[in-house]
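Undergrad: no FASTA, just this:
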């Protein structure tokens, strides 16, 4: 146990959510004498166990509502577990709710000394670090103004600038990289790099997968209050991306078909489409260089001599990057009659590098490449996420071989 900074043993956390609402003193009084009060249980965390080694940069990722913030508050001692135990070895500073303890009626300068005292510094120590705090926060002109006149961003920047001075062995950090503009975020990143070199134990919660990749030695993935992975950072990021993609499918399935405007004559209609990974599972996440398929269901309402179906991937709604079309691939589906139905399947290896892309679906009756009737055009019908196990450069992937003699 000497090399363990934090150990969580079978911890669970549940909250009671009462059904009664007290909107007035009368309702509060009436409900007070009711014999039976009803509520439901929210199980935020379910039997979680893990260990964090001293000096480890440990990431926690998951969708909103997965239990990340609850877990941080348990580690910080703000919450107590419903079941299980949390063991912490060393002094811990939570960067969870920066600015707690600030007084809005005091000036920025006065709040620096107040917050410093809460972190355990005496007045002489705060005075010695005051200039570094102000310079880092970039608030020199505002230090004699009352804190209530600061923007929320200014307050968090000041709080972060104070908190990083804490003499702690363990730091709990929740999305601090979202603080301030790009230049301030770079300074935050530099602080993290210095803390990592200094061997501090850091628990880092973030939705930024690039930051997780840059800093974390190991990552825990939470989903609906349960640990579904604890290990390699690249693998964890991959799992997190797939969770988001699968959830997006669940929330938006058939939604785009109703929402997206169908342009064209309507003589034939795209009634359904879905993206499949190499195993044939529905997905909105495609992997660079790996096989994928698009299935498009079509209903024909009129005679169509030469149906041509296409899908276009775009980096933005106006910029075409890559597409598939049976007309250009010289695949003839044959003439169609009213009432006919078909399912077109297009399969390829994803040539695009990681990123988010818009998808446009098209169905035309093609006489030639320039002479065709638009039957159904679904412009920017969906958004696809492309991911990869390793970092890629540019938009289009390649399989180049490079040698040197």
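TA: Yep, that arrived. Here the structure is a predicted model, which means the values were calculated and not measured. Numbers count the residues shown, from 1 in each chain.
Undergrad: From now on I want contacts and neighbour counts done on CA atoms only, so please keep to that.
TA: Noted.
Undergrad: Grab the most central residue of the chain for me.
TA: The centroid of the chain falls nearest to residue 207 when counting by CA atoms, centre = their mean (3.8 Å).
Undergrad: measure that one to residue 301 for me?
TA: With distances taken as CA to CA, to the nearest Å, residue 207 is found 46 Å from residue 301.
Undergrad: and what of residue 328?
TA: From residue 328 over to residue 301 the distance is 24 Å, taken as CA to CA.
Undergrad: hey, where'd the helices end up in the stretch 151-300 of the chain?
TA: Chain-ordered helices for the stretch 151-300 of the chain, with DSSP state H, counting those that start in this stretch as the definition, fall at 152-163, 182-197, 209-215, 233-252, 255-259.
Undergrad: Now render the ones you listed as TSV, adding mean neighbour count.
TA: Formatted as TSV, those follow (neighbours: other CA atoms under 10 Å):
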stretch	mean neighbour count
helix 152-163	21
helix 182-197	14
helix 209-215	16
helix 233-252	17
helix 255-259	13
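Undergrad: Save the ones you listed as a markdown table, and put in mean pLDDT too.
TA: Putting the helices of the stretch 151-300 of the chain into a markdown table (pLDDT from 0 to 100) gives the following:
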| stretch | mean pLDDT |
| --- | --- |
| helix 152-163 | 85 |
| helix 182-197 | 80 |
| helix 209-215 | 82 |
| helix 233-252 | 74 |
| helix 255-259 | 52 |
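Undergrad: still on that earlier bit, nearest residue to the residue nearest to the centre of the chain other than its sequence neighbours?
TA: Spatially, and ignoring its direct neighbours in sequence, residue 207 is nearest to residue 61 (6.6 Å; CA to CA, 6 or more residues apart in numbering).
Undergrad: do the same with residue 387
TA: Closest residue to residue 387 apart from its sequence neighbours, by CA to CA, 6+ apart: residue 354 at 4.4 Å.
Undergrad: on that earlier part again, check the gap between the residue nearest to the centre of the chain and residue 244 for me.
TA: 11 Å.
Undergrad: and if you look at residue 377?
TA: Relative to residue 244, and taking CA to CA, residue 377 is found at 27 Å.
Undergrad: Report how many residues lie close to residue 130.
TA: Taking other CA atoms under 10 Å as the neighbour definition, residue 130 ends up with a count of 17.
Undergrad: cool, residue 171 as well?
TA: 24.
Undergrad: Make sure residue 382 is indeed in a helix.
TA: No. Counting by DSSP: H, G, I helix; E, B strand; the rest coil, residue 382 is not found in a helix; it is strand.
Undergrad: that older thread, okay, and the common contacts of residue 207 and residue 244?
TA: Between them, residue 207 and residue 244 share the neighbouring residues residue 63, with contact defined by CA atoms under 8 Å, 6 or more residues apart in numbering.
Undergrad: Against residue 262, how distant is residue 342?
TA: Counting by CA to CA, the gap from residue 342 to residue 262 is 18 Å.
Undergrad: Between the two, tell me which one has more neighbours.
TA: Neighbours were tallied for residue 342 and for residue 262 using other CA under 10 Å; the higher tally belongs to residue 262 (19 against 13).
Undergrad: can you pull the contacts of the more buried one?
TA: Contact criterion CA under 8 Å, 6+ apart gives 376-379 as the residues in contact with residue 262.
Undergrad: Strands - which of those residues land there?
TA: Judged by DSSP state E, strands contain the following of those: 376-379.
Undergrad: As a markdown table, these with pLDDT and neighbour count would be great.
TA: Output for the ones in strands among the contacts of residue 262, formatted as a markdown table (pLDDT from 0 to 100; neighbours: other CA atoms under 10 Å):
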| residue | pLDDT | neighbour count |
| --- | --- | --- |
| 376 | 94 | 24 |
| 377 | 93 | 23 |
| 378 | 91 | 21 |
| 379 | 88 | 18 |
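Undergrad: Of all the helices of the stretch 151-300 of the chain, which one is nearest residue 361?
TA: helix 255-259 (11.2 Å; CA to CA).
Undergrad: circling back to that earlier point, what is the nearest of the contacts of residue 262 to residue 148?
TA: residue 379 (47.0 Å).
Undergrad: okay but residue 83 is in contact with residue 43, surely?
TA: No. Counting by CA atoms under 8 Å, residue 83 stays clear of residue 43, with 11.4 Å between them.
Undergrad: Need the contacts of residue 262 in JSON lines (columns: distance to residue 116).
TA: Shown next, in JSON lines, are the contacts of residue 262 (distance: CA to CA, whole Å):
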{"residue": "376", "distance to residue 116": "64"}
{"residue": "377", "distance to residue 116": "61"}
{"residue": "378", "distance to residue 116": "58"}
{"residue": "379", "distance to residue 116": "55"}
